[in-house]
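[1] using only what follows, build the 3D model:
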Amino acid sequence: MDILLSVSSILVLITVSLAFVTANIAYRLFFSPISNVPGPRLAALTYLYEFYYDGLSHGRYLWKIQELHEKYGSIVRVNPREVHINDASFYDLIYAGGPHHPRNKIRWMAFHDQSTFDTFDADTHRARRTAMAASFSKQAIRNAEFLISETIDKLRERMARLSGTEQVMNIKELYSGLTMDIIAQYWFGESMDNLEQEKFGKEFLDVFHEMPQSHPIGRMFPWLFDLIQQIPFRVLATIDPKLAPMAEYEGKITGQLTDVLTKTQPRGLRTIFHELRDSKQLADSEKTLARFKAEATIFLGAGTETTAAALTTITYHVTANPDIRKKLISELKTHERSSLVELEALPYLNGVIQEGIRLSFGVPGRLPRIAPKEELQYGGFRLPPGTVVSSSSYLLHTNEAIFPDPHAFQPERWLGDRTKMGKHFVPFSRGARMCIGINLAHAELFLTVARVFSGFDFILHETGEEDVVVRHDFFVGMPRLDSKGVRVKIRARGLD
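    Numbers count the residues shown, from 1 in each chain. Down below sits the predicted model:
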């Protein structure tokens with residue numbers, strides 16, 4: 001009798017499971033509000049379609065989505081819940097903001113939302129962003145220009161010592177050390193001193209470079225990332241010694257932030273975290289060590305990688321194209337020590353910066369959004385509240401109708417009317433969740449390119465364009481995985 005009951009229970013369980021699976025299949029294929037959106041049936045049915053291209057093929061789903069748009073048109077269903085729209089005229093509506101057009105993020109990569117960047121709810125995001133907005137305004141960045149310039153001068157000093165030594169350097173390592181030092185100085189009031197180290201902080205920077213490669217896994221299994229993030233880095237470092245620099249960083253930042261929160265830090269040394277601590281926009285429940293640590297880590301990682309990638313892209317193309325190099329150096333002849341405002345007025349430098357940003361893409365792939373209260377309509381398709389909608393900077397930046405010969409580095413394309421290109425130019429996204437660090441990134445780019453190319457030349461060493469062309473979407477764009485980076489020998493043309 002007991003055996004019969006056990007068999008019966010198993011059969012019931014199997015039947016219920018099959019019924020659930022069948023109902024889920026039927027819903028996704030035939031009854032979902034987005035079931036009429038074109039795209040592969042397998043993508044509509046299961047997330048494994050996305051995982052094959054992103055997880056197993058190492059961040060290649062973006063290029064598959066590009067193929068799907070060529071086949072199906074400007075709107076495509078890319079997984080059971082999400083539609084992707086490749087249309088610059090609709091981009092601003094996807095990434096709108098404000099009380100009338102709130103946009104939530106989906107729970108992507110993890111189920112926590114401690115940092116402003118990861119915040120799911122639009123209202124919570126608005127409060128967190130408002131609390132730090134003044135610290136990232138154009139005026140605030142201009143007030144900090146001397147700090148940025150001092151750090152760039154340290155880079156120039158290191159480059160001067162490397163000049164003529166025949167030592168081959170991965171230029172992105174230098175730029176990553178620079179950008180991380182600038183961000184740390186701006187956020188914490190204390191540099192990471194990467195530029196003082198023999199390898200420019202390579203051990204620490206390597207961790208930040210490798211971490212994004214796990215991004216496709218995190219998208220598929222966010223609970224796994226949540227679990228891992230509960231484990232202190234000092235424990236993880238015992239499993240993987242490469243994480244030791246992160247453990248050291250965690251200990252250092254924990255001490256600094258504890259001092260801020262307990263108001264034991266010396267007077268006169270104010271950082272962004274002091275502004276957050278004293279902000280009336282934030283509830284006391286928002287002013288925790290865990291949340292401040294999350295803010296610090298996100299800004300340090302994302303800000304370092306994206307700006308360093310743009311500088312690397314610029315350095316390769318300027319060095320590989322003598323005509324571009326000649327025009328840039330000519331324009332910079334009397335502007336080696338010019339202010340940020342003066343540099344921003346230089347047309348060719350502007351074109352070089354814009355092309356570097358365009359072809360490094362910032363975040364090249366999807367940034368999914370949800371309109372919780374608003375029905376969106378596109379091309380005759382109804383997208384009811386709660387639908388996940390996304391677009392991608394990579395597809396907009398490589399639109400041949402807007403950017404002829406889109407993969408070519410052509411600063412001249414920015415010297416005329418930019419209106420049409422501007423609508424397709426979204427490296428920092430748009431709307432209420434637009435990258436808050438845009439002004440800092442621009443300052444780093446203008447000041448670094450001007451100061452570096454005013455005094456130095458580079459000789460490419462066993463390096464080609466494939467070492468800067470984005471081939472993988474790991475949230476940040478990366479070149480082919482076997483690339484050794486943009487390797488150069490440095491030559492000084494004369495320093496102050």
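[2] helix or strand right after the lowest-mean-pLDDT helix or strand in the chain?
    Every helix and strand of the chain was ranked by mean pLDDT, DSSP states H and E. The lowest is helix 2-26, at a mean of 76. The C-terminal neighbour of helix 2-26 among helices and strands, as given by DSSP states H and E, is helix 41-45.
[3] other SSEs contacting that following helix?
    helix 48-51 (3 or more CB pairs under 8 Å, 6 or more residues apart in numbering; DSSP states H and E). C-beta here means a position set from N, CA and C on the backbone, and glycine is covered the same way.
[4] immediately after the helix it packs on, which helix or strand?
    That would be, after helix 48-51 and using DSSP H and E, helix 61-72.
[5] what ranges of this protein fall below the confidence cut-off?
    Within the chain, the stretches with pLDDT under 70 are 1-5, 107-112, 264-269, 494-496.
[6] and the spatially most central residue of the chain, how far from Leu205?
    The residue lying closest to the centre of the chain (CA atoms, centre = their mean) is Val363, at 4.4 Å. From Val363 across to Leu205, the span is 19 Å (CB to CB, to the nearest Å).
[7] return the distance of the strand or helix carrying Thr313 from the chain's centre.
    Thr313 belongs to helix 289-320 when elements are defined using DSSP H and E. Here the centre of helix 289-320 is set off from its chain's centre by 7 Å, with CA atoms, centre = their mean, to the nearest Å.
[8] same question, stretch 46-57
    With CA atoms, centre = their mean, you get 21 Å for stretch 46-57.
[9] contact partners of that stretch?
    Stretch 46-57 is touched from outside by 40, 42-43, 60-61, 64, 78-80, 216-217, 219-220, 473, with contacts defined as CB atoms under 8 Å, 6 or more residues apart in numbering.
[10] dump those residues into TSV; add neighbour count and distance to Ala140 as well.
    Below are those laid out as TSV (neighbours: other CB atoms under 10 Å; distance: CB to CB, whole Å):
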residue	neighbour count	distance to Ala140
Pro40	15	47
Leu42	11	49
Ala43	24	44
Arg60	17	39
Tyr61	25	37
Lys64	18	41
Val78	26	38
Asn79	24	39
Pro80	20	43
Pro216	25	35
Ile217	15	37
Arg219	23	33
Met220	15	38
Asp473	27	32
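[11] quick check: Gln66 vs Val78, distance?
    Following CB to CB, the distance that separates Gln66 from Val78 is 11 Å.
[12] what of His397?
    Taking CB to CB, one finds His397 at 19 Å from Val78.
[13] same deal with Leu257?
    Taking CB to CB, one finds Leu257 at 38 Å from Val78.
[14] what's near enough to touch the residue nearest to the centre of the chain?
    Taking CB under 8 Å, 6+ apart as the test, what Val363 contacts is 306, 393, 427, 429, 475-477.
[15] Ala131: what secondary structure?
    Local secondary structure at Ala131 is given as helix here, using DSSP: H, G, I helix; E, B strand; the rest coil.
[16] what's the burial count for it?
    21 (other CB atoms under 10 Å).
[17] is it in contact with Glu275, as I believe?
    Yes - taking CB atoms under 8 Å as the definition, Ala131 is a contact partner of Glu275 at 7.3 Å.
[18] any chance of the contacts of stretch 46-57 in CSV with distance to Gly201 as columns?
    Conversion of the contacts of stretch 46-57 to CSV gives the following (distance: CB to CB, whole Å):
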residue, distance to Gly201
Pro40, 43
Leu42, 44
Ala43, 41
Arg60, 30
Tyr61, 32
Lys64, 35
Val78, 37
Asn79, 38
Pro80, 42
Pro216, 27
Ile217, 26
Arg219, 28
Met220, 31
Asp473, 26
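[19] which of the residues you listed sit farthest apart?
    Farthest-apart pair in these is Pro40 and Ile217; separation 22.0 Å (CB to CB).
[20] hey, where'd the helices end up in the stretch 151-300 of the chain?
    Assigned helices in the stretch 151-300 of the chain, in chain order: 171-188, 202-210, 215-220, 222-229, 233-239, 244-261, 272-278, 289-320 (criterion: DSSP state H, counting those that start in this stretch).
[21] wait, Asp113 sits on Ile106?
    No - assessed by CB under 8 Å, Asp113 is found out of contact with Ile106, at 10.8 Å.
[22] any residues in contact with both of the two?
    In contact with both Asp113 and Ile106: Phe120, using CB under 8 Å, 6+ apart.
[23] for the helix holding Thr313, buried residues please.
    291-297, 299-320 (16 or more other CB atoms under 10 Å).
[24] still on that earlier bit, roughly how far does the residue nearest to the centre of the chain sit from Arg413?
    From Val363 to Arg413 the distance is 22 Å (CB to CB).
[25] repeat that for Ile34.
    Taking CB to CB, one finds Ile34 at 36 Å from Arg413.
[26] do the same with Phe456
    Phe456 is 26 Å from Arg413, by CB to CB.
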